[in-house]
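Peer 1: Sharing a model prediction with you, sequence too.
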Amino acid sequence: MNKVFLIGNLTRDPELTETSAGTSICRFSIAVNRRSGSADGERKADFYRVTAWRQLGETVARYAKKGNKVAVIGNIELNSYTDKEGTERTSVDVIAQDVEFLTPKGSTEDYGDNNYSQAPAPSSSSGRKKPALQSFDDDGDIPF
């Protein structure tokens with residue numbers, strides 16, 4: 001069985017293109033933090049290239065952007081090719097079967113400056129103040 005589950009942050013905005021037959025294809029990369037860091041305490045991450053086809057790819061391209069946290073479920077595909085210098089290379093790609101958006105809707109995250117800002121909380125539509133809580137004297141009697 002070839003199945004992979006990854007949770008990470010997009011390293012760049014998704015790129016949506018079409019094949020010559022008109023099929024949508026979205027390519028993006030995610031950075032997945034490792035559980036353990038290096039000996040000097042620095043956290044390490046692995047980077048994965050992900051491909052999402054058709055409607056899934058269109059949805060990712062529409063709603064995801066650089067820095068968003070996503071969960072990707074898919075399978076690993078190994079591809080062999082020869083580079084410009086004639087060296088035989090292998091690439092590891094993830095073909096997405098499902099992508100879940102984990103960044104809360106309405107939040108904006110700027111990972112370059114590590115500034116995380118949440119959208120303001122919705123205000124009460126009625127504009128009324130909430131009543132203040134009243135204190136009471138608890139004499140310790142249990143009513144039952």
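Peer 2: Received the coordinates, thanks.
Peer 1: sec struct for I76, please.
Peer 2: Look at I76: counting by DSSP: H, G, I helix; E, B strand; the rest coil, its state is strand.
Peer 1: Could you report the neighbour count for it?
Peer 2: I76: 12 surrounding residues under other CB atoms under 10 Å. Yep, even glycine has a C-beta here, placed from its N, CA and C like the rest.
Peer 1: How about residues contacting stretch 85-92?
Peer 2: Here stretch 85-92 makes contact (CB atoms under 8 Å, 6 or more residues apart in numbering) with 48-49, 76-83.
Peer 1: Among those, name the ones in strands.
Peer 2: Taking DSSP state E as the definition of strands, the contacts of stretch 85-92 contribute 48-49, 76-82.
Peer 1: which of those has the most neighbours?
Peer 2: Result: Y48 is most packed of these (other CB under 10 Å), 20 neighbours.
Peer 1: which residues pair with it across the strands?
Peer 2: Beta-bridge pairing for Y48 (DSSP bridges): I30.
Peer 1: Go ahead and confirm it touches T11.
Peer 2: No. Using CB atoms under 8 Å, Y48 is not in contact with T11, being 9.4 Å away.
Peer 1: need the helix or strand of this structure with the lowest average pLDDT.
Peer 2: strand 115-117 (a mean of 34; mean pLDDT, DSSP states H and E).
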